[in-house]
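Student: give me a 3D structure for the following:
(one chain, ligands or ions: 1)
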Amino acid sequence: MIVEQEAKKAIENFSMPDNIGFGKVLLPIMAISEFKDGKWSELVISPYKKLELDPTTKVLHYGQEIFEGMKAYNYKGQGPVLFRPIENFKRFNFSASRMAMPEVPEEIFMGAVHKITSLGEKFVPRRDGESLYIRPFMIATEKNLGIKPSEEFMFIVIASPVGSYFSGGTIKVFIEEEMIRACKGGTGNAKTGGNYAGGLNAAIKTKEKGFDQTMWLSAEDKDSIEELSGMNFFCVIDDKLYTPELTDTILNGITRKSIIELARHENIEVVEKRLSIKELKGLIKEARCTEAFACGTAAIITPIDSFHDERGESFHLKSAHGPVARKLRNKLLGIQQLTETDSFGWIEKIKETI
Ligand code: COI
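Tutor: Numbering: from 1, shown residues only. Next comes the predicted model:
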């Protein structure tokens with residue numbers, strides 16, 4: 001690994017504003033490795049800089065791109081630490097394979113994440129719910145307009161000190177019944193930019209109607225709940241925690257997986273199954289569904305206040321800040337912020353010497 005002197009200087013001269021928001025403030029450094037002739041180049045840590053791309057670069061036309069979202073925490077003077085980074089690494093290479101991209105070796109992926117975090121240690125924010133959001137991504141960089149898989153790629157890691165993704169505390173969900181996000185055999189379970197781009201029209205509609213997040217239903221029956229835009233979905237029915245079972249149209253969320261493990265450890269019964277939005281509306285009216293929440297690396301656990309449909313009907317949950325979401329959020333953040341024992345082995349200390 002090469003750490004450029006200018007990168008060290010850029011970090012020394014950096015100062016972080018107090019109001020950081022989400023993804024607006026970036027550390028002034030980045031990590032890059034390039035894939036050419038079947039090989040990855042040595043990782044370089046450079047100052048944060050613009051990418052110079054030929055207008056025919058494949059990613060700009062055909063969207064051959066993948067990314068991850070992961071976080072580092074620096075609480076109690078024992079950090080910085082990462083949360084389940086191996087899961088992000090595995091999912092990154094799963095997405096790479098789906099999108100006809102080469103796998104990134106573990107030493108390059110982890111080397112970049114650890115080095116960016118250790119150099120940026122002073123800028124891992126420490127107020128409750130804050131962290132350093134790390135964004136590894138890969139783009140196809142071969143230059144020509146032929147529609148065939150690129151043979152050249154760039155793997156990059158950037159990082160952003162962040163606060164909450166949602167400023168309001170709870171969210172209002174709009175049930176999208178016309179557009180769909182993913183279908184069987186498609187790319188719905190890969191973390192690729194196109195999945196998010198395809199959801200933006202629905203996001204505009206959701207916002208125009210005064211709501212915060214789009215809920216996606218299955219392309220097959222327009223009734224089974226799949227996920228929200230960029231986060232997974234949970235609800236509490238008759239004191240049991242439900243989440244849609246994974247299919248190839250749902251992103252395999254690391255926060256989703258952690259919540260399931262955490263809830264089972266807390267003796268909360270968890271059911272992974274197909275969830276019908278029609279049935280859920282009825283269960284909310286009968287007050288059998290008492291809570292629902294969105295979860296993800298960015299969203300952590302964000303309670304849902306209400307659901308709204310195309311016909312203008314609204315379904316309000318009994319408690320927007322329900323006890324199950326609160327308990328799981330406190331436990332999860334407790335492990336990440338080192339105030340709870342990590343009995344799962346999820347926390348990994350940053351290796352300064354990498
Ligand atoms: C994440 O939670 O890391 C995501 O990728 C979601 C994105 C909407 C910020």
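
Student: what about the residue lying closest to residue 83 once chain neighbours are set aside, neighbour count?
Tutor: Nearest residue to residue 83, sequence neighbours excluded (Cβ to Cβ, 6 or more residues apart in numbering): residue 336, at 5.3 Å. Quick note: C-beta positions are derived from backbone N, CA and C, even for glycine. Look at residue 336: counted by other Cβ atoms under 10 Å, it has 25 neighbours.

Student: please read off the pLDDT at residue 336 from the model.
Tutor: pLDDT recorded at residue 336 is 93.

Student: what of residue 353?
Tutor: 64.

Student: ok, residue 74 next?
Tutor: 89.

Student: for residue 140, give its distance to the ligand.
Tutor: 20 Å (Cβ to the nearest ligand atom, to the nearest Å).

Student: quickly note the distance from the closest residue to the ligand within the stretch 151-300 of the chain to residue 341.
Tutor: Taking Cβ to the nearest ligand atom as the measure, the stretch 151-300 of the chain has residue 230 as its residue closest to the ligand, at 3.0 Å. Here the distance between residue 230 and residue 341 works out to 30 Å (Cβ to Cβ, to the nearest Å).

Student: and those two? Which one has more around it.
Tutor: Taking other Cβ under 10 Å, residue 230 and residue 341 do not tie; residue 230 has more neighbours (21 against 8).

Student: list the contacts of that one.
Tutor: 196, 199, 296, 298-299 (Cβ atoms under 8 Å, 6 or more residues apart in numbering).

Student: of these, which is the nearest to residue 72?
Tutor: Residue 72 lies nearest to residue 298 out of the contacts of residue 230, by Cβ to Cβ, at 13.8 Å.

Student: residues in the protein within reach of the ligand, list them.
Tutor: Residues of the chain that fall close to the ligand, judged by Cβ under 6 Å from any ligand atom: 69, 230, 296-298.

Student: I'd like these as a markdown table, with secondary structure appended.
Tutor: Converted to a markdown table, these look like this (DSSP: H, G, I helix; E, B strand; the rest coil):
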| residue | secondary structure |
| --- | --- |
| 69 | coil |
| 230 | coil |
| 296 | strand |
| 297 | coil |
| 298 | coil |
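
Student: of those, grab the buried ones for PyMOL.
Tutor: What follows is the PyMOL syntax selecting those of the residues of the chain next to the ligand that are buried according to 16 or more other Cβ atoms under 10 Å:
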select buried, resi 69+230+296+297+298
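
Student: now, among the residues of the chain next to the ligand, which is nearest to residue 82?
Tutor: Checking these one by one against residue 82 (Cβ to Cβ), the nearest turns out to be residue 297, at 11.4 Å.

Student: residue 256 is in contact with that closest one, correct?
Tutor: No. If you go by Cβ atoms under 8 Å, residue 297 and residue 256 don't touch, sitting 10.3 Å apart.

Student: phi first, then psi, for residue 117.
Tutor: phi -70, psi -40 (degrees, to the nearest 10).

Student: neighbours around it, how many?
Tutor: 30.

Student: contacts only, for it.
Tutor: Residue 117 neighbours (Cβ under 8 Å, 6+ apart): 72, 80, 82, 124, 132, 134, 159, 350.

Student: cutoff 7 Å now
Tutor: Counting by Cβ atoms under 7 Å, 6 or more residues apart in numbering, residue 117 makes contact with 72, 80, 132, 134, 159, 350.

Student: quick one: contacts for the last one?
Tutor: Going back to what we said before, that points to residue 350. So residue 350 contacts 72, 80-82, 114, 117-118 (Cβ under 7 Å, 6+ apart).
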